[in-house]
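Colleague: quick check, what structure comes out for this input:
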Amino acid sequence: MNWFFTIYIAILFFILTPSVLLRLPPKGNKYVVALVHAIVFAVIFHFTFKFVWERSVGIPTNMKINREIRHERREQHPQHQQQ
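Modeller: As a prediction, this is how the structure comes out:
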């Protein structure tokens with residue numbers, strides 16, 4: 001993990017801490033509020049992590065690149081190939 005991505009996660013966590021940016025539900029007890037904020041954090045992180053990660057490392061993460069990497073590893077270590 002790189003520093004830019006780590007800082008992104010820390011900032012996201014901070015702004016989604018109850019009563020920093022918002023408090024959902026307003027009259028809920030501390031456990032309900034914590035649970036709702038955890039879900040909001042998870043949803044926002046889920047939909048933004050790939051975008052932020054790609055910008056932070058400068059390369060896209062897609063299936064084609066993953067296949068190329070696996071192919072290169074097989075070529076470097078031929079004993080791991082299936083016969």
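Colleague: relative to residue 25, how far out is the residue nearest to the spatial centre of the chain?
Modeller: By C-alpha atoms, centre = their mean, the chain has its centre lying nearest to residue 49, at 3.9 Å. Spatial separation of residue 49 from residue 25 under the definition C-beta to C-beta, to the nearest Å is 26 Å. Backbone N, C-alpha and C define where each C-beta goes, glycine included.
Colleague: cool, and residue 44?
Modeller: As judged by C-beta to C-beta, residue 44 and residue 25 stand 18 Å apart.
Colleague: neighbour count for those two, which is higher?
Modeller: Shown here are residue 44 and residue 25; by other C-beta atoms under 10 Å, residue 44 has more neighbours (13 against 9).
Colleague: surely that one meets residue 16?
Modeller: Yes. Between residue 44 and residue 16 there is a contact under C-beta atoms under 8 Å: 7.1 Å.
Colleague: for the helix or strand where residue 12 lies, packing partners?
Modeller: According to DSSP states H and E, residue 12 maps onto helix 3-15. Packing contacts for helix 3-15, counted by 3 or more C-beta pairs under 8 Å, 6 or more residues apart in numbering; DSSP states H and E, involve helix 30-57.
Colleague: what angle separates the helix it packs on from helix 3-15?
Modeller: Computed with axes from the mean of the first three to the mean of the last three C-alpha atoms, to 10 degrees, the direction of helix 30-57 lies at 160 degrees from that of helix 3-15.
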